[in-house]
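take a look and give me a structure for this.
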Amino acid sequence: MSTINPIIFVHGIQGSWLKNQYPVDYQDEIYWTGILKKKFGKIHLSSIDQTVDHDIEKFIFPHQAITLAYESIVEELREEVTKHTYMFTYDWRKDNRYSAKKLEEFIKLVLTKAQTHAKQREEVGPTKVSLIGHSMGGLVIKWYVTQILKGQFKNKIDKIITIATPYYGSLKAVEAILPGARNFFGLEAKKAMRRASRTLPGVYQLLPTWPKAVVPKQPGKKLDIFKQSFWQKSLVKKLADEYGPKFFQGMLDDAKDFTDIIKKDYPANILKNFYCIYGTGSDTWKQVKVDAQNQNMFDFEKASVDQNGDGTVHKLSSRVKANGYLIDKKHLIEIGGQHVQMPNHGRVQDYIVNIFTKNKLIKNFESTI
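Sure, this is the predicted structure:
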């Protein structure tokens with residue numbers, strides 16, 4: 001086990017606490033824990049610069065990963081694979097490209113630490129890390145590997161594993177932005193959350209891009225989800241009144257720039273040590289229609305639903321391709337389970353442990369959570 005490189009786990013959207021780091025009073029400065037605290041009104045980003053918090057007196061930073069979602073898998077990896085397993089926490093509200101740069105900094109920190117301790121033992125320290133990403137964390141990893149590392153991949157990365165990553169987005173992101181949304185990626189969406197979500201690049205960058213995810217109700221019409229003219233008219237007006245006429249289209253343009261790159265196939269040279277775990281067996285939106293004759297209303301009440309997904313991400317989005325085709329089945333693993341619970345799934349954990357310990361890979365993944 002001493003030869004195994006450090007492992008870094010990257011959580012998904014909503015996966016970290018959010019905390020005001022520089023308050024006057026520390027009594028109540030945690031704004032988001034995912035369960036007990038969801039102060040939606042506090043986590044808006046600036047409409048002008050989405051790297052900055054909306055409230056001038058606050059500096060909100062990620063505090064720690066959500067324990068219920070990630071403690072189990074990190075402990076399992078530390079016990080069964082290597083104690084050098086770390087959780088990278090990032091601000092899931094912000095641009096995934098920004099988070100990828102932060103990941104780069106964290107990787108350097110982890111390697112410096114590991115090399116220093118190895119030097120004290122008169123050993124050769126690691127020069128690579130392995131990356132595991134759940135949900136949107138897989139997008140942060142992909143941007144880092146393909147857009148920041150590029151040709152340096154072989155020198156820096158050992159293995160990559162993604163769990164339920166929406167490479168082609170999720171219809172849940174559309175729902176989160178719309179007026180009257182009842183759900184924010186699995187959480188009850190109150191008005192304050194809907195308002196906040198419309199300022200978060202992390203939400204826009206999850207808009208669906210697989211073919212026919214969002215289609216016009218009227219035959220013969222065309223639709224582009226990255227053009228505000230195809231969105232619900234009341235929403236477009238609301239955002240123009242609140243943030244200015246260029247805000248919404250600007251957010252959509254920026255998201256398109258991101259998704260155009262992130263949806264491209266992984267380079268083939270990366271896939272030798274790449275593993276993709278995706279979930280099925282839960283009712284998941286596959287397609288929604290937009291009614292141009294009714295103010296561009298998105299008809300989620302009659303959305304196409306099947307069980308080829310994990311309740312949040314459809315398998316049309318979560319499976320990795322290379323050269324236009326799905327990757328080798330040995331590296332593409334289907335698990336019956338729900339999105340948020342996937343990291344806690346015993347089969348997921350067993351499979352990941354086997355990847356690192358070189359045991360025989362598990363063949364039967366038919367059980368569900």
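
quick check, central residue of the protein?
Nearest to the mean C-alpha position of the chain, counting by C-alpha atoms, centre = their mean, stands residue 136 at 0.6 Å.

and that residue, how close does it get to residue 15?
Applying C-beta to C-beta, to the nearest Å, the value for residue 136 to residue 15 is 8 Å. For glycine as for every other residue, the C-beta is placed from the backbone atoms N, C-alpha and C.

and residue 219, by the same measure?
Distance from residue 219 to residue 15, counting by C-beta to C-beta: 41 Å.

neighbour count: the two, which is higher?
The neighbour comparison of residue 219 against residue 15 (other C-beta atoms under 10 Å) goes to residue 15, with 24 against 6.

could you pull out the helices for the stretch 251-369 of the chain?
In the stretch 251-369 of the chain, the helices defined using DSSP state H, counting those that start in this stretch lie at 315-318, 346-357.

any idea which of these is most buried?
helix 315-318 (a mean of 24; mean count of other C-beta atoms under 10 Å).

which other residues reach it?
For helix 315-318, the surrounding residues in contact (C-beta atoms under 8 Å, 6 or more residues apart in numbering) are 164-170, 208, 210, 213, 276, 278-280, 286, 308-310, 334.

show me which of the residues you listed are buried.
By neighbour count, with 16 or more other C-beta atoms under 10 Å, the contacts of helix 315-318 hold 164-170, 208, 210, 213, 276, 278-280, 286, 308-310, 334 as buried.

tell me which of these fall in strands.
Per DSSP state E, strands hold the following members of the buried ones among the contacts of helix 315-318: 276, 278-280, 286, 308-309, 334.

what stretches of the stretch 101-250 of the chain score poorly on pLDDT?
Low-confidence segments of the stretch 101-250 of the chain (pLDDT under 70): 180-192.

show me where it has its helices.
Listed in chain order, the helices of the stretch 101-250 of the chain (DSSP H, counting those that start in this stretch) span 137-143, 153-156, 171-177, 191-197, 201-204, 233-243, 247-262.

ok, and which of those helices has the densest surroundings?
Scoring the helices of the stretch 101-250 of the chain by mean count of other C-beta under 10 Å, the most buried comes out as helix 137-143, with a mean of 27.

list the buried residues in stretch 210-224.
210, 213-217, 223.

so what's the closest residue to residue 227 other than its chain neighbours up against?
Distances taken as C-beta to C-beta, 6 or more residues apart in numbering place residue 252 nearest to residue 227, at 6.9 Å, with adjacent residues excluded. Contacts for residue 252 (C-beta under 8 Å, 6+ apart) come out as 204, 207, 225-228.

dihedrals phi and psi, residue 223?
For residue 223, the backbone dihedrals are phi -150, psi 140 (criterion: degrees, to the nearest 10).

who's in contact with it?
Contacts for residue 223 (C-beta under 8 Å, 6+ apart) come out as 214-216, 230, 290.

quick one: the closest residue to it other than its chain neighbours from residue 94, how far?
Closest residue to residue 223 apart from its sequence neighbours, by C-beta to C-beta, 6+ apart: residue 216 at 4.7 Å. In this view, residue 216 and residue 94 are 32 Å apart by C-beta to C-beta.

kindly report the same for residue 269.
Distance, residue 269 to residue 94, by C-beta to C-beta: 30 Å.

how about residue 81?
Distance, residue 81 to residue 94, using C-beta to C-beta: 30 Å.

that older thread, buried among the contacts of residue 252? Need that as a selection in PyMOL.
The buried residues among the contacts of residue 252 can be selected in PyMOL (16+ other C-beta under 10 Å) with this line:
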select buried, resi 204+207+225+226+228
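
what's the angle from whichever helix or strand residue 74 is part of to helix 346-357?
Per DSSP states H and E: residue 74 is located in helix 67-80. Between helix 67-80 and helix 346-357, the angle comes out at 40 degrees (axes from the mean of the first three to the mean of the last three C-alpha atoms, to 10 degrees).

in helix 67-80, which residues are buried?
Of all the residues in helix 67-80, those buried under the rule 16+ other C-beta under 10 Å are 69-70, 73-74, 76-77, 80.

redo those as CSV? Include distance to residue 121.
Putting the buried residues of helix 67-80 into CSV (distance: C-beta to C-beta, whole Å) gives the following:
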residue, distance to residue 121
69, 34
70, 29
73, 28
74, 24
76, 26
77, 22
80, 22
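
and which of those residues is nearest to residue 5?
residue 77 (12.2 Å; C-beta to C-beta).

that closest one against residue 9, yeah?
Yes - at 7.4 Å, residue 77 and residue 9 qualify as touching, with contact defined as C-beta atoms under 8 Å.

joint contacts of these two?
residue 85.

could you export the helices of the stretch 251-369 of the chain as TSV, including mean pLDDT and distance to residue 295?
Output for the helices of the stretch 251-369 of the chain, formatted as TSV (pLDDT from 0 to 100; distance: least, C-beta to C-beta, whole Å):
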stretch	mean pLDDT	distance to residue 295
helix 315-318	96	27
helix 346-357	93	42
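
picking up where we left off before, okay, residue 269 and residue 94: which has more neighbours?
The neighbour comparison of residue 269 against residue 94 (other C-beta under 10 Å) goes to residue 94, with 19 against 11.
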